[in-house]
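>>> Have a look; sequence and predicted model below, questions after that.
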Amino acid sequence: MASLPDASHSERPSLSERERNILRLVVQQFIDTAGPVGSRSLAKRYDIGLSAASVRNTMRDLEDMGYLGHPYTSAGRVPTALGYRTFVDELMDTPSLSAAERETLKAELAALVRDTDTLLRESSRLLSRLTNLLGLAVSPNLSSGVLERLDAVPLTGQRLMFVLSVEGGLVKTIVLEFEMQDVRRSELDRMLSILNERLAGLTLQEIRDTHAERVQDIDDETGIIQLILNESAPLFSEPREGRLQLGGTQNILTQPEFQEPDDVRHLIEVIEDEDRVVQWLENVHEQDPQAVGEAFIRIGSETTREDMASFSIVTSPYRLGNTIGTLGVIGPTRMNYGRAVALVRTLAAELNRPAPESSRAA
């Protein structure tokens, strides 16, 4: 599991073994019950060889150091962001799934339609169902994807649909206005063949940067080359929307933190701005290009977004060809981090379809 730098937690107060054990139990019990944890219940529930008074003193010390807080006077304690961070970094059991769970997950993925968009949408729903959190999947940034083939399909109403097949199973379609009068299909196919000879094997970013010099000398009477020169920006750029798939909204509403309408409204406001969410998710792992296979956890204020202070997010990048996307879950800071990490990392690994060795690196 990858660690992310966070200045606010860079110098944590050191803990004794007793303090570490009590902190671990408080976090575990709070995750299980969603209620503040009292010293008496902790001493009775776990065989820790300490009296309730000793546990209470240790919890008070942990609160003084910033690991625990309490929501109101005389209530039990709850973990702070620092408490959760210490738990996931140092105290949590190594996240893993049983062999049976891995086989079940693999079988469910194998049953899904292999179309990439459908696969990502269903993967986000599967994550949500297995965690009771909100599942999310971000399709890869196409700019680094290698074009495998460019096709064009004439439509009614003087329109032409371009289909860009990108390494890793990604497909982009775009419909452009095009005068098809007197253009034979055989001539159109010949021009597409020449275009594929010139452009296939390049990334979309390279095509955007160099397409003019690569195609402007082609003798063309169909008008398709001029169309590509005129519309290169929308043709070879990222789709304006649709990269973020969210799944299982109904599942996260079962969490106690989302029982009030204002809580639900807050979550919707956080995730409705797709551009911001995608940019933020990609920033998490773009700090490490070799992050595929790792899991990343951002807890509350670590997101650097004020509107995310009451949420945590677990993500893992996956690779399709030379492109990288993101799979993950978002939920309240009180989440079962170990299970979320194990599921997100396992599912991301199953989605991986790296470029063949013969393909050049991104």
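Nice, I can see it.
>>> Check the contact between Thr323 and Asn141; I expect there is one.
Yes: counting by CB atoms under 8 Å, Thr323 touches Asn141, with 6.2 Å between them. (Glycine included, C-beta is placed from N, CA and C.)
>>> quick one, which of the two is more surrounded?
Set Thr323 next to Asn141 and count neighbours by other CB atoms under 10 Å: Thr323 wins out with 24 against 17.
>>> Leaving out the residues flanking it, which one is nearest to that one?
Take Thr323 and drop its neighbours on the chain: the residue closest to it by CB to CB, 6 or more residues apart in numbering is Pro140, 3.3 Å away.
>>> Spit out the contact partners of that neighbour.
Shown in contact with Pro140 (CB atoms under 8 Å, 6 or more residues apart in numbering): 168, 170, 319-321, 323-325.
>>> Could you grab the helix/strand/coil label for it?
Under DSSP: H, G, I helix; E, B strand; the rest coil, Pro140 falls in the coil class.
>>> Which members of the contacts of Pro140 occur in strands, if any?
170, 319-321, 323-325 (DSSP state E).
>>> ok, of the residues you listed, which one's closest to Arg129?
Gly325 (20.1 Å; CB to CB).
>>> Tell me how many other residues surround the closest one.
Neighbour number of Gly325 under other CB under 10 Å is 24.
>>> Does it touch Leu142 like I think?
No: at 10.3 Å, Gly325 and Leu142 do not qualify as touching, with contact defined as CB under 8 Å.
>>> In the stretch 151-300 of the chain, where is pLDDT below threshold?
Where the stretch 151-300 of the chain drops to pLDDT under 70, the residues are 180-181, 240, 284-289.
>>> quick one, helices of it?
Assigned by DSSP state H, counting those that start in this stretch, the stretch 151-300 of the chain shows helices spanning 185-199, 204-215, 224-230, 232-236, 249-252, 261-271, 274-286.
>>> Turn those into TSV, columns for distance to Leu15.
Formatted as TSV, the helices of the stretch 151-300 of the chain follow (distance: least, CB to CB, whole Å):
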stretch	distance to Leu15
helix 185-199	58
helix 204-215	48
helix 224-230	62
helix 232-236	54
helix 249-252	32
helix 261-271	32
helix 274-286	27
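>>> For stretch 263-271, which residues meet the burial criterion?
Within stretch 263-271, the residues that count as buried by 16 or more other CB atoms under 10 Å are 263, 267, 270-271.
>>> Quick one, which of the helices of the stretch 151-300 of the chain gets closest to Gly157.
Proximity of the helices of the stretch 151-300 of the chain to Gly157 was assessed by CB to CB; the nearest stretch is helix 224-230, lying at 15.4 Å.
>>> Restricting to C-alpha, output that closest one in PDB.
Extracted as PDB, the C-alpha positions of helix 224-230 are listed here (Å, rounded to 0.1, in the frame of the first residue of the first chain):
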ATOM      1  CA  ILE A 224     -11.600  14.000 -45.600                       C
ATOM      2  CA  ILE A 225      -8.000  15.200 -45.100                       C
ATOM      3  CA  GLN A 226      -9.200  18.800 -45.000                       C
ATOM      4  CA  LEU A 227     -11.900  17.800 -42.600                       C
ATOM      5  CA  ILE A 228      -9.300  16.200 -40.300                       C
ATOM      6  CA  LEU A 229      -7.100  19.300 -40.500                       C
ATOM      7  CA  ASN A 230     -10.100  21.500 -39.600                       C
END
